[in-house]
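> Show me the folded form of this:
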Amino acid sequence: HIPIHDWVLALLGSFAAAYIYIFYSALSDRPGAPITTDIVFAVTGILLLLEATRRALGPPLMVVAGVFLLYTFAGPYMPDVIAHKGASLNKAMSHFWLTTEGVFGVALGVSTNFVFLFVLFGALLEQAGAGQYFIRLSFSLLGHLKGGPAKAAVVSSGLSGVISGSSIANVVTTGTFTIPLMKRVGFPATKAGAIEVAASTNGQLTPPIMGAAAFLMVEYVGIPYIDVIKHAILPAAISYIALFYIVHLEAVKAGMQGMPRERNLSRAEWLLVFMGGFLTMCLVGALVYFGIGWIKDVAGDASLWVIGLLVSATYILLLWLAAKFPDRHDDHELMIAPRIRTTALSGLHFLLPVVVLIWCIGKERLSPGLSAFWATMFMIIIILTQHPILRFFSGTSDLMTGVRQGMTDLFNGMVSGSRNMIGIGVATAAAGIVVGTVTLTGIGQVMTEFVELVSGGSVLLMLIFTAIISLILGMGLPTTANYIVVSSLMAPVIVSLGASHGLIVPLIAVHLFVFYFGILADDTPPVGLAAYAAAAIAKGNPIQTGIQGFTYDIRTAILPFMFIFNTQLLLIDIGSVWELLLTIFSALGAMLVFAAATQGFWLTKTKWYETIGLLLIAFTLFRPGFWWDMAWPEYEQHSGSAISQQVMTVAPGEDMRLRVAGEDFSGKYQEKTVLLAVGEETTGEDRLFNMGLELITNDDGKTIVDNIGFASPAEKAGIDFDWEILSIETINDRPPRQLMFIPALLLLLGIALMQKRRKSQTA
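Here you go, the predicted structure:
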């Protein structure tokens, strides 16, 4: 029963939201000059939004939005460091509700255009049974290993991240099954819950679906979603592999065994299983990739129909296999690791819509929304048809029961997707108040000065400060809202302060930094929501579970710092295949070494000096340039007066690195490093003019910007009139920094020999 006053509030909220659409023409005729009715509905909408936020997400986000609203009106009464001239009720409400700068801004737009379809797709995939299939598949492959259920929990949570994109949802869905099994093989309640929490928080970092915040990056950073996936995939992969390794170390320390199997396989059989599976995946991938391209060339306009028929035939074939090899296990009574072949073949058709999604995003380059639409439509077809077709192949005559079950699953999936979207929609709308405050009051510039003052100009201290803000806000805010708030305030600060210290930080690196720590807040005591959920399932202490989970997640927490200073971890500036392989293996090795150091165990229990050595090795593998730059500076400095000659040494299409200085629009002097793309012009003056630079030499011999081209690369980089070109920085001809890997690996070998000798003596 819903109280009558809730119906009244719902209708008022709906009309306040629809007010812009209904009276769009009238509002467009009076921009910036709202009438009383406009303000009444704007105030009503803001108040009801705050109440909806409190009901859907609890008080924290409502309080944060309320504080920013208060700051908007109380600007003149604030301390000098954050004071502003304030805003009237008319101006503020018009800005927050009637423009695209506030509630109805980028965040809510992305939620309605992209995120809802992905949330619906995940809900339908879960309702169809894909979640349980991924769990069973993980246990069939890994359940027999030492600490097998925990290793299966890591993999199944990663696979479930494809479905949910939510760490708390991952804990609730996979943890209900995996945590009791972890406890059964010997993990204490705290560690069982913590492993599930660590795996589930990482599930939200796993492409191709990384939660709503990943789609907001597309708008905020201005890059395609496929590029977001490309930049995020290596950190997510090495983080998951390291968690798998941590679980292995915990199992070895405790002397645990795995689950018994229905039939034990020999090593040769295991090798055959994995190699056969890998080669089959490669073969299928090659057939899909090259086969569809060939069909498009041959079939032309009819290719869509041909591909549709082939996909349909594949779907029918996979359902025939699922009916022939049904997985008979009851998920809640799984005592032994199930057979691999039976489990794998029982649900391969669930992978088809995921393949469609990845294909549309990666190969066809469709928008995320359109890609999710086609994947969701395919998922709807699967839900409606899988039960009757499976019954048909199983020889069951009662097909109508399967049809009714499909209709019920579709309805429940739609309801589940809608409910899951409520929290995201309300969170992005409430976070729009924060974004609107930033654009209305200019607090972004204030934050830049404040953070620079607090950090003393240190980029590292500023990053730590940003991470702490993300963790604190993330204890009560959903990841999406946390990402919007912190990225709106801190991303420009990090980029600006980094540039002033000669560090060019790509915008995607900053946004992923904020994104990572927003997710890690889910297991950060004292209010880690995912830790509370896992502790409830494990019947353990939530604070201890959160602390243990965060110790497992330290490996993930160091990654954002590393890829700020080494952007190759985000697959940026990779020049060759060998450089790519070296980046992957060095990052993976560094993460495994770091995991061993933080767990205090490698081949045997580590001594304190070995832990220091392992941390030093991990740092060197992650960032070899830190040591190498001490011996050979990365860049060679040239006088600003030589810019016309130096610009001709840069290949067309490459970036020229300049150190510039001058006063910004507020009259504050600043120095920073900028990158400007070089064109194909034949003279230095023409190339500089194409960049937007017209230069003169003053009486002191300094090179000064006399004029800036409108909307030119120089203007976009923040260079202004009368700025000085301090120097040109070119890559120094020096030995490769990766040579630092050699002493790091020798030190690792030395530690390994010490531990191996100590282990044999103990034995």
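> Does residue 144 touch residue 338 like I think?
No - using C-beta atoms under 8 Å, residue 144 is not in contact with residue 338; the gap is 10.5 Å. The way it works is simple: take the backbone N, C-alpha and C, and place the C-beta from them, glycine included.
> chain center to the strand or helix carrying residue 430, what's the gap?
Secondary-structure assignment from DSSP states H and E places residue 430 in helix 399-441. Mean-position distance between helix 399-441 and its chain equals 20 Å (C-alpha atoms, centre = their mean, to the nearest Å).
> for stretch 582-596, same thing?
20 Å.
> List the contacts of it.
Contacts of stretch 582-596 with the rest of the structure, by C-beta atoms under 8 Å, 6 or more residues apart in numbering, involve 234, 238-239, 241-243, 245-246, 249, 555, 558-559, 568-569, 571, 574, 602, 606, 614-615, 617-622, 624, 738, 741, 748.
> Just the CA coordinates for it, please, in PDB.
Only the C-alpha atoms of stretch 582-596 are listed here, as PDB (Å, rounded to 0.1, in the frame of the first residue of the first chain):
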ATOM      1  CA  LEU A 582      57.400  -5.500 -22.200                       C
ATOM      2  CA  THR A 583      54.800  -3.100 -20.700                       C
ATOM      3  CA  ILE A 584      52.300  -6.000 -20.000                       C
ATOM      4  CA  PHE A 585      54.800  -8.400 -18.500                       C
ATOM      5  CA  SER A 586      56.700  -5.800 -16.400                       C
ATOM      6  CA  ALA A 587      53.400  -4.400 -15.000                       C
ATOM      7  CA  LEU A 588      52.200  -8.000 -14.300                       C
ATOM      8  CA  GLY A 589      55.500  -8.900 -12.600                       C
ATOM      9  CA  ALA A 590      55.400  -5.700 -10.600                       C
ATOM     10  CA  MET A 591      51.900  -6.400  -9.400                       C
ATOM     11  CA  LEU A 592      52.700 -10.000  -8.400                       C
ATOM     12  CA  VAL A 593      55.800  -8.900  -6.500                       C
ATOM     13  CA  PHE A 594      53.900  -6.200  -4.700                       C
ATOM     14  CA  ALA A 595      51.200  -8.700  -3.800                       C
ATOM     15  CA  ALA A 596      53.800 -11.000  -2.200                       C
END
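> From residue 546, how far off is residue 193?
9 Å (C-beta to C-beta, to the nearest Å).
> Revised request: answer the last question for residue 589.
Where residue 546 is concerned, residue 589 sits at a distance of 29 Å (C-beta to C-beta).
> a strand runs through residue 729, doesn't it?
Yes - under DSSP: H, G, I helix; E, B strand; the rest coil, residue 729 falls within a strand.
> Burial check on it, number of neighbours?
20 (other C-beta atoms under 10 Å).
> and what of residue 432?
Residue 432 has 26 nearby residues by other C-beta under 10 Å.
> same question, residue 316
14.
> follow-up on the earlier one: for residue 589 and residue 546, indicate the residue with more neighbours.
residue 546 (28 against 19).
> who's in contact with the closest residue to that one other than its chain neighbours?
Closest residue to residue 546 apart from its sequence neighbours, by C-beta to C-beta, 6 or more residues apart in numbering: residue 531 at 3.5 Å. If you count contacts by C-beta under 8 Å, 6+ apart, residue 531 has them with 193-194, 197, 522-523, 525, 542-543, 545-546, 549.
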